[in-house]
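[1] Return atomic coordinates for the entry below.
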Amino acid sequence: MNDTSFNPRDCGTCPIRHRAVCSRCEPEELDHLDDIKYYRTYEAGQPVIWAGDPMEFVASVVTGIATLSQTMEDGRTQMVGLLLPSDFIGRPGREHAPFDVVAVTDLTLCCFRKKPFESLMGSTPSIGGRLLQMTLDELDSAREWMLVLGRKTAREKIASLLLIIARRDAALHKRLPKDGMSFDLPLTREAMADYLGLTLETVSRQISALKKSEVINLQGKRQVHIPDLQKLIGETGDDVDGGHIF
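    Numbers count the residues shown, from 1 in each chain. Alright, predicted model coming up:
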């Protein structure tokens, strides 16, 4: 982990400003946040925090991806979530980290000292309101992910994960998902297998099958091209009206 001078710039030019916990803040409120913020960078594979460690900061992911994992008593580890740009790390009022957080790619965090941030929440309704909305969105995502892991086939799992990443990438760039869009796949196939509860061989086989069916095209090692968005949606097992097929 490194403290970094990640170009602490005007918050108005921040790449996650429109989605982060500070997205509803007025200029004066941003000034208060600026007084308690700092940046940290982590290399791929580095831990951000371990479950049970004291939480001395909360943070927004600026660039990169991290995983949330939980280790059981017998040493088995289960990945329980992904942290993508604009996602929030930490819970105000909670003293210790509930999960292991590990950088999957090179990672930059915009950190806020925890105690002053908690005080700001009490005096700045825009921060508390936005954090509540993000928490509810996270709850919806967790429920959706329960369906993905519990009821979907391997092919549907892969398609669902690709669609989630595509939609988030589009949102970060302030555009709608559409035919012909491309994005960089931030996860290795090993990480995808761990997250989806599949074997590496199954992930590779299903990605190849989606490519053969022209649902996706792979450009280089990581770039994914979606020629027909509805075709990808059709592979997820989700109903056409946005509901799920059980």
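[2] And the residue nearest the centre of the chain?
    Leu84 (2.4 Å; CA atoms, centre = their mean).
[3] Look up how far Gly128 lies from it.
    22 Å (CB to CB, to the nearest Å). Heads up, the C-betas are built off the backbone N, CA and C, glycines and all.
[4] Tell me where this protein has helices.
    27-36, 114-123, 125-151, 154-172, 189-196, 200-212, 229-235 (DSSP state H).
[5] Next, the angle from the first one to helix 114-123.
    Here helix 27-36 points in a direction 160 degrees away from that of helix 114-123 (axes from the mean of the first three to the mean of the last three CA atoms, to 10 degrees).
[6] Equivalent analysis for the fifth one, please.
    Our comparison of helix 189-196 with helix 114-123, counting by the same axes, to 10 degrees, yields an angle of 50 degrees.
[7] Check the longest one too.
    Direction vectors for helix 125-151 and helix 114-123, defined by the same axes, to 10 degrees, enclose an angle of 110 degrees.
[8] residues contacting the closest residue to Leu187 other than its chain neighbours?
    Of all residues not flanking Leu187 in the chain, Val104 sits nearest, at 6.4 Å (CB to CB, 6 or more residues apart in numbering). Counting by CB atoms under 8 Å, 6 or more residues apart in numbering, Val104 makes contact with Ala44, Gly64, Ile65, Ala66, Thr67, Leu82, Pro186, Leu187, Ala191.
[9] For Val104, give its distance to Asp228.
    28 Å.
[10] now swap in Gly81 and tell me
    To Asp228, Gly81 is 29 Å away according to CB to CB.
[11] Then Gly64?
    For Gly64, the distance to Asp228 - CB to CB - is 29 Å.
[12] Show me which of these two is the more surrounded one.
    When neighbours are counted by other CB atoms under 10 Å, Gly64 and Asp228 differ, and Gly64 comes out ahead with 20 against 13.
[13] What mean pLDDT does stretch 39-54 get?
    For stretch 39-54, the mean pLDDT works out to 95.
[14] What is the distance between that stretch and the centre of its chain?
    15 Å (CA atoms, centre = their mean, to the nearest Å).
[15] show me the residues around Leu149 that make contact.
    Leu149 touches Lys157, Leu196, Gly197, counting by CB under 8 Å, 6+ apart.
[16] distance of the last one from Ile233?
    Put plainly, it is Gly197. From Gly197 to Ile233 the distance is 22 Å (CB to CB).
[17] out of the two, which sits in the busier spot?
    Ile233 (20 against 14).
[18] Mind pulling up the pLDDT for that one?
    93.
[19] Pretty sure it sits against Leu163.
    Yes: the criterion here is CB atoms under 8 Å, and Ile233 meets it with Leu163 at 6.4 Å.
[20] Next, count neighbours for the closest residue to Val58 other than its chain neighbours.
    The shortest distance from Val58 to any non-neighbouring residue, by CB to CB, 6+ apart, is to Gly90 (3.4 Å). Counted with other CB under 10 Å, the neighbours of Gly90 add up to 20.
[21] if I read this right, Gly90 contacts Ser60, doesn't it?
    No: counting by CB under 8 Å, Gly90 sits too far from Ser60 to count as a contact (9.8 Å).
[22] Output the below-cut-off pLDDT ranges for the protein.
    For the chain, the stretches flagged by pLDDT under 70 are 1-10, 12, 239-246.
[23] quick one, domains of it?
    Taking automatic domain parsing as the domain assignment, the ranges for the chain are 27-134, 152-235.
[24] Looking at the ones you listed, which is nearest to Glu144?
    For Glu144, the closest of the domains of the chain is domain 152-235, at 8.4 Å, according to CB to CB.
[25] end-to-end on the closest one?
    When the termini of domain 152-235 are compared using CA to CA, to the nearest Å, they are 10 Å apart.
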